[in-house]
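1. no sequence on this one, just coordinates:
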């Protein structure tokens, strides 16, 4: 079901909000870029750092996400949709998990991504670390040059 339009200011910019149409079990996807990765000796490989779970800069900056249900309702494969360069993988949360961390989950469609959302709130170091621990692999992270298996 399409979401109601998000609230906007007089300039037409989306205001931070917790969208009622995004349900607690709805998937919220965070794309991962190469600069989000750190080496973890425990797993003897790279993983997303807590830096992957920070908001954008700016007055109303949130953490940019994709809304899984909207992508699926459009007849697209969410795992394929989120994997255009420079993205090398993706993790997923439920909206309920994010809200349990004191964050809000909103709809923020943009010109090149009608399924875009934002997560707003206080992204303290502790919250970033908890988000890193909560993040479920959605698309396995592949370093540039690695072949994607079918």
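-> Sure thing, it's come through. Because the structure is predicted, anything quoted here is derived from the model rather than measured.

2. where does the closest residue to residue 134 other than its chain neighbours land in three-state SS?
-> Using CB to CB, 6 or more residues apart in numbering and skipping the chain neighbours, the partner closest in space to residue 134 is residue 97 (5.5 Å). Heads up, the C-betas are built off the backbone N, CA and C, glycines and all. Secondary structure assignment for residue 97 (DSSP: H, G, I helix; E, B strand; the rest coil): helix.

3. what about residue 97, neighbour count?
-> 19 (other CB atoms under 10 Å).

4. again with residue 8
-> 12.

5. now do the contacts for it.
-> 14, 15 (CB atoms under 8 Å, 6 or more residues apart in numbering).

6. so where is this structure shaky, pLDDT-wise?
-> Applying pLDDT under 70 to the chain flags the ranges 1, 143-150.

7. distance of the nearest residue to residue 33 once chain neighbours are set aside from residue 32?
-> Nearest residue to residue 33 in three dimensions, chain neighbours excluded: residue 86, at 5.1 Å (CB to CB, 6+ apart). To residue 32, residue 86 is 10 Å away according to CB to CB, to the nearest Å.

8. for residue 141, same thing?
-> In terms of CB to CB, residue 141 sits 6 Å off from residue 32.

9. between those two, what contacts are shared?
-> Shared contacts of residue 141 and residue 32, counting by CB under 8 Å, 6+ apart, come down to 48, 88, 89.

10. so which of these are in helices?
-> Secondary structure from DSSP state H places none of the shared contacts of residue 141 and residue 32 in helices.

11. name the nearest of those residues relative to residue 106.
-> residue 48 (22.1 Å; CB to CB).

12. in the sheet, who's paired with that closest one?
-> Under DSSP bridges, the beta-bridge partners of residue 48 are residue 37.

13. next, count neighbours for the residue nearest to residue 33.
-> 10.

14. wait, a strand at it?
-> No: the assignment for residue 86, made by three-state DSSP, is coil rather than a strand.

15. give me the distance between it and residue 51.
-> 15 Å.

16. which one's more surrounded, residue 141 and residue 32?
-> A count of neighbours by other CB under 10 Å puts residue 32 above the other of residue 141 and residue 32, at 26 against 20.

17. and for that one, nearest residue in space, chain neighbours not counted?
-> According to CB to CB, 6+ apart, the nearest residue to residue 32 is residue 89 (4.3 Å).
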